[in-house]
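**Q** Have a look; sequence and predicted model below, questions after that.
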Amino acid sequence: MCRIAVFPGSFDPFTVGHESIVLRATGLFDNIIIGIGVNSTKNTFFTAAQRLTIIRKVFAGNDKVDVQTYDDLTIDFCRRVGAQYMLRGLRTSSDFEYEKSIAQVNQVMLPEVESVFMLTLPEHASVNSSVVREVLRYGGDISKFVPKSIRIQDYIVKS
Ligand code: ADP
């Protein structure tokens, strides 16, 4: 049976922490679907289309990784794509507490999907999308925090 994992998140923007989790997980699963959750009431720095383009570029040529957007419940997205696993990354104990409650609710709603957690690498423990957004807002250098294969700055739409 093909082991399919969904890696859901906002990815606003996608960071080296996210990239590392996906790459390490390719050894565990046959197929990883990065699911960009789109919430129309939430203001994001990058549009869903920009995030889709960025993440697809990062994994271009990696046939184990697919990228899609969804705008409903993550468990409904998992059901739609036939995933048996939901992958999440953990950096801190507060990540753990937050993820635990989500995973337990998801477990009640869709028991056939197992949540799988991967600890971040020590060097990525303090990388988070909101700090990267803040640095981007003020024109700082984010190159150490985002995947090497893309220049995320090129996707910022100047108004
Ligand atoms: P969400 O909006 O669902 O919190 P994020 O885009 O912030 O989504 O993150 C998606 C997943 O990646 C979450 O499981 C989060 O804990 C994990 N993650 C975020 N940053 C890192 C990092 N630096 N190292 C490992 N996992 C991370």
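**A** Nice, thanks for sending it over.

**Q** Following the longest helix along the chain in sequence, what is the next regular element?
**A** The single longest helix within the chain, with elements called by DSSP state H, is helix 93-109. Following helix 93-109 in sequence order, the next helix or strand is strand 114-119 (DSSP states H and E).

**Q** Kindly export the longest helix of the chain (C-alpha atoms) in PDB.
**A** Listed in PDB are the C-alpha atoms of helix 93-109, where the atom choice follows Å, rounded to 0.1, in the frame of the first residue of the first chain:
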ATOM      1  CA  SER A  93       7.000  22.300  24.300                       C
ATOM      2  CA  SER A  94       4.400  24.800  23.400                       C
ATOM      3  CA  ASP A  95       4.300  23.400  19.800                       C
ATOM      4  CA  PHE A  96       3.800  20.000  21.500                       C
ATOM      5  CA  GLU A  97       0.900  21.200  23.600                       C
ATOM      6  CA  TYR A  98      -0.800  22.900  20.700                       C
ATOM      7  CA  GLU A  99      -0.200  20.000  18.300                       C
ATOM      8  CA  LYS A 100      -1.400  17.400  20.900                       C
ATOM      9  CA  SER A 101      -4.900  19.000  21.200                       C
ATOM     10  CA  ILE A 102      -5.300  19.300  17.400                       C
ATOM     11  CA  ALA A 103      -4.100  15.700  16.900                       C
ATOM     12  CA  GLN A 104      -6.500  14.300  19.500                       C
ATOM     13  CA  VAL A 105      -9.500  16.200  18.000                       C
ATOM     14  CA  ASN A 106      -8.500  15.000  14.600                       C
ATOM     15  CA  GLN A 107      -8.100  11.400  15.900                       C
ATOM     16  CA  VAL A 108     -11.700  11.500  17.100                       C
ATOM     17  CA  MET A 109     -13.000  12.900  13.800                       C
END
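
**Q** Pull out the buried residues from that helix.
**A** 95, 103, 106 (16 or more other C-beta atoms under 10 Å). Using the backbone N, CA and C atoms, a C-beta is placed for each residue, glycine as well.

**Q** Ok, stretch 134-142 next?
**A** Within stretch 134-142, judged by 16+ other C-beta under 10 Å, the buried ones are 136, 142.

**Q** distance between the ends of that stretch?
**A** Distance across stretch 134-142, first residue to last, is 10 Å (C-alpha to C-alpha, to the nearest Å).
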